[in-house]
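Participant: Sharing a model that was predicted from the sequence below.
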Amino acid sequence: MTEAGVAVEVEVDPATAFDLFTRDIAAWWRTDRSLWGETAGELRFEDGALMQGDAEIGRVSAWEPGPRLAFSYGPPGGDPAERTDVEVRFEAVRGAPGSSCGTAAGRKRTGQGF
């Protein structure tokens, strides 16, 4: 199993960071680096799913506006057991009013690479 993590500090509170992260996913998701080839359409979270165009590419497992988001993603129609799990936590930065830190951790369930 492969794991990776990243932390980013932004000058907004956790609730705003969560909203921007989930509402504007297409602004930060690198669709030019798809691991499974071409999938047309803009990314969005919709009804518990991560969608790209008409294709479901992931499922939301935790939607807690402000503190936490967790989801899995993988190729459309692929084996759900081989998806990548992602958890993002949004936390206030001490001593920096109006700032938050988004910490993301991902884990590839099976296979090689991340």
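Facilitator: That came through fine.

Participant: Do you have the helices of the chain handy? List them.
Facilitator: Ranges of helices within the chain are 14-23, 25-28, based on DSSP state H.

Participant: Nearest residue to the middle of this protein?
Facilitator: With distances taken as CA atoms, centre = their mean, V86 lies nearest the centre of the chain, 5.8 Å away.

Participant: Could you measure from that one over to E11?
Facilitator: Using CB to CB, to the nearest Å, we find V86 at a distance of 23 Å from E11. For glycine as for every other residue, the C-beta is placed from the backbone atoms N, C-alpha and C.

Participant: Listing request: residues of this protein with sub-threshold pLDDT.
Facilitator: Within the chain, the ranges that satisfy pLDDT under 70 run 1-3, 30-40, 95-114.

Participant: Mean neighbour count, the helices of the chain: which tops it?
Facilitator: Neighbour counts (mean count of other CB atoms under 10 Å) averaged over each of these peak at helix 14-23, with a mean of 17.

Participant: chain center to that helix, what's the gap?
Facilitator: 11 Å (CA atoms, centre = their mean, to the nearest Å).

Participant: If you count contacts, what does it end up packed against?
Facilitator: strand 68-73, strand 84-92, strand 100-108 (3 or more CB pairs under 8 Å, 6 or more residues apart in numbering; DSSP states H and E).
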